[in-house]
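Asker: structure of the sequence below:
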Amino acid sequence: MDLQFPLGLAEPHRRIVAAWVTENGLDPKDIPVDAKMTIADDTLTIEKFVRDENGRVVVETNNVLRETVTVPLRKPWPGLSRP
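Answerer: Here you go, the predicted model:
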């Protein structure tokens, strides 16, 4: 399943998404608002900001760098259950 967060996510929905990201072992502050993600084979593949050794977001040529990471899916997407 491919998902992309809509811009301007309402506060209650943002909190649900942030809790879900945290339950899957990621920091919601590292996930861009327009992050692309895929859920497949009990894994979550998602874009996140690249940070330097001091924890600052890395910017190159006016672009915030992103990387794609894959983590085990610990909790399914809200409202969906695993088969």
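Asker: what mean pLDDT does the helix or strand that contains residue 69 get?
Answerer: Per DSSP states H and E: residue 69 is located in strand 66-72. Averaging pLDDT along strand 66-72 yields 97.
Asker: list the buried ones in it?
Answerer: Buried residues in strand 66-72, counted by 16 or more other CB atoms under 10 Å: residue 66. Using the backbone N, CA and C atoms, a C-beta is placed for each residue, glycine as well.
Asker: what about dumping the CA coordinates of that strand to PDB?
Answerer: Only the C-alpha atoms of strand 66-72 are listed here, as PDB (Å, rounded to 0.1, in the frame of the first residue of the first chain):
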ATOM      1  CA  ARG A  66      15.900  13.200   2.700                       C
ATOM      2  CA  GLU A  67      16.600   9.500   2.800                       C
ATOM      3  CA  THR A  68      14.400   6.500   2.400                       C
ATOM      4  CA  VAL A  69      14.400   4.000   5.300                       C
ATOM      5  CA  THR A  70      12.800   0.700   5.800                       C
ATOM      6  CA  VAL A  71      11.800  -0.500   9.300                       C
ATOM      7  CA  PRO A  72       9.700  -3.500  10.500                       C
END
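Asker: quick one: contacts for the residue nearest to the spatial centre of the chain?
Answerer: In the chain, the C-alpha nearest the mean C-alpha coordinate belongs to residue 31, at 4.4 Å (CA atoms, centre = their mean). Going by CB atoms under 8 Å, 6 or more residues apart in numbering, residue 31 touches 21, 46, 47, 48, 49.
Asker: hmm, 10 Å instead?
Answerer: Applying CB atoms under 10 Å, 6 or more residues apart in numbering, one finds that residue 31 lies in contact with 5, 17, 18, 21, 37, 46, 47, 48, 49, 66.
Asker: export stretch 55-63 as CSV, just CAs?
Answerer: C-alpha atoms of stretch 55-63 as CSV (Å, rounded to 0.1, in the frame of the first residue of the first chain):
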residue,chain,number,x,y,z
GLY,A,55,21.0,16.5,15.1
ARG,A,56,20.5,19.4,12.6
VAL,A,57,18.6,18.8,9.4
VAL,A,58,21.0,18.8,6.4
VAL,A,59,20.4,21.4,3.7
GLU,A,60,22.2,21.4,0.4
THR,A,61,21.5,24.0,-2.3
ASN,A,62,18.3,25.2,-0.6
ASN,A,63,17.0,21.6,-0.4
